[in-house]
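In: Build the 3D model from these lines:
(one chain, ligands or ions: 2)
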Amino acid sequence: MNIVALPAFSDNYIWMLHDGRQAVVVDPGDAAPVKAGLESHRLQLTTILVTHHHPDHTGGVNALRDEFRVPVLGPQDSRIPSPVQAVADNDTFELLNRRWEVIHVPGHTRDHLAFVCHDETPLLFCGDTLFSAGCGRLFEGTPDQMWRSLSRLKALPPATRVYCAHEYTLSNLRFAAAVEPTNADIASYIQVCTRLRAQGQPTLPSTLGQEAKINPFLRCTEPPVMASARVHGAKDDRPAEVLGALRQWKNQFQ
Ligand code: ZN
Ligand code: FE
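Out: Ligands and ions are numbered 1, 2, ... in the order given. Below you'll find the predicted structure:
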C-alpha cells in the first residue's frame, strides 16, 4: 500500500492511500491538496473516510463528493456534510483490496472513529484521538471515555503504523518531557523528530510500540506519570483521573 501525506492548513495531514490506480483519502479538510495529489499521482478517487465532524477534517468533503461521485464513510453525525454512509464500532469493509475495521473512539468528539487498514502491518488512521506523544483535546468527551478509547488503540499490535491528522509531535514531546523528565526514549525521540522537521519531513507515521514508550496519555498507569499527574491535580491514580489531570495541564502548557 502506498500512503501519501497531503499537508493542509497549518498542521493537518490528509492521508491518501493508493495502489497505483485507485485512491482513498482520510479526513479531507480541504479539496485542493487532494485534487493536486490525485493529479500528480494519476489516481482515481474511490472513497472518502471521515473520522469526525470538525471542519479541518470535513471541509473538502462536499467538493470532492460532487466532483468524483464517491461514497463518504464516516460516523453517524448530522454535523458531517451528508450524504454519509454511516459506519460504527466493529464494522468492517473492504477498500483497495484490504480489510478495514472501525473503532469508535469517543473523547475528542462523541462521534470520533478510528480506521484500521489490515495491510502487512496494520495501519491506524486515528484522526484527532491519538497524536504522536499526545492526544486530542476533550471537546465532547470525558477523561474516562478518552482513556477507554486510547486503551483500545493501544491494544492493537505494536508494529501498527499510526497516521495522525496533525503534525503536533514536537510540541507534544516538549510536554511529554515535562511529565517524564527522566524518560530517555522521549529525549532521544525529540532528536529524531527535530531532525525530520528541519528537513521538512513529517514525523508520522509513528508506531504504537513507539507511542507506548513516549506518549504520556498512553502511559497513565506508569508510576512516574501518575506521580507527575498528582502534582498537577490528580486526586488518585486511576488512569482516567491521571489522563484528565494531564490533559488539563497540557491545555495550559507553553
Ligand atoms: Zn478535531
Ligand atoms: Fe483536527
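In: For Leu243, see how far away the closest residue to Arg110 other than its chain neighbours is.
Out: Residue nearest to Arg110 in three dimensions, not counting chain neighbours: Glu140, with 4.6 Å by CB to CB, 6 or more residues apart in numbering. Using the backbone N, CA and C atoms, a C-beta is placed for each residue, glycine as well. Distance of Glu140 to Leu243, computed by CB to CB, to the nearest Å: 15 Å.
In: Give me the more crowded residue out of the two.
Out: Higher neighbour count among Glu140 and Leu243: Leu243, with 27 against 15, using other CB atoms under 10 Å.
In: my hunch is that that one is in a strand, does that hold up?
Out: No - looking at Leu243 with DSSP: H, G, I helix; E, B strand; the rest coil, it is helix, so not inside a strand.
In: ranges for the strands of this protein?
Out: 2-8, 12-18, 22-26, 44-49, 72-74, 85-86, 92-95, 98-104, 113-118, 122-127, 130-131, 134-135, 161-164, 206-207 (DSSP state E).
In: Quick check, the residue nearest to Arg110 in contact with Pro106.
Out: Yes - using CB atoms under 8 Å, Glu140 is in contact with Pro106, at 7.4 Å.
In: Give me the phi and psi for Phe9.
Out: In terms of degrees, to the nearest 10, the main-chain angles of Phe9 are phi 50, psi -150.
In: Chain neighbours aside, what residue packs nearest to it?
Out: Asp56 (6.0 Å).
In: what about that neighbour, how many neighbours?
Out: By other CB under 10 Å, the residues close to Asp56 number 18.
In: what's near enough to touch it?
Out: By CB atoms under 8 Å, 6 or more residues apart in numbering, the residues touching Asp56 are 8-9, 12, 29, 165.
In: Not counting sequence-adjacent ones, nearest residue to His57?
Out: Asp27 (3.9 Å).
In: Also Thr129?
Out: Val105 (4.5 Å).
In: Would you confirm that that neighbour contacts Asp128?
Out: No - with contacts counted by CB under 8 Å, Val105 stays clear of Asp128, the gap being 9.7 Å.
In: which neighbours do those two share?
Out: Contacts common to Val105 and Asp128, judged by CB under 8 Å, 6+ apart, are His112.
In: Comparing the two, which residue is more hemmed in?
Out: Remark: of Val105 and Asp128, Val105 carries more neighbours, 29 against 26, as counted by other CB under 10 Å.
In: what about the more buried one, distance to Ala23?
Out: Val105 is 24 Å from Ala23, by CB to CB.
In: Find me the pLDDT at the closest residue to Leu96 other than its chain neighbours, would you?
Out: Nearest-residue entry for Leu96: Asp19, 5.3 Å, with adjacent residues in sequence omitted and distances by CB to CB, 6+ apart. pLDDT, Asp19: 98.
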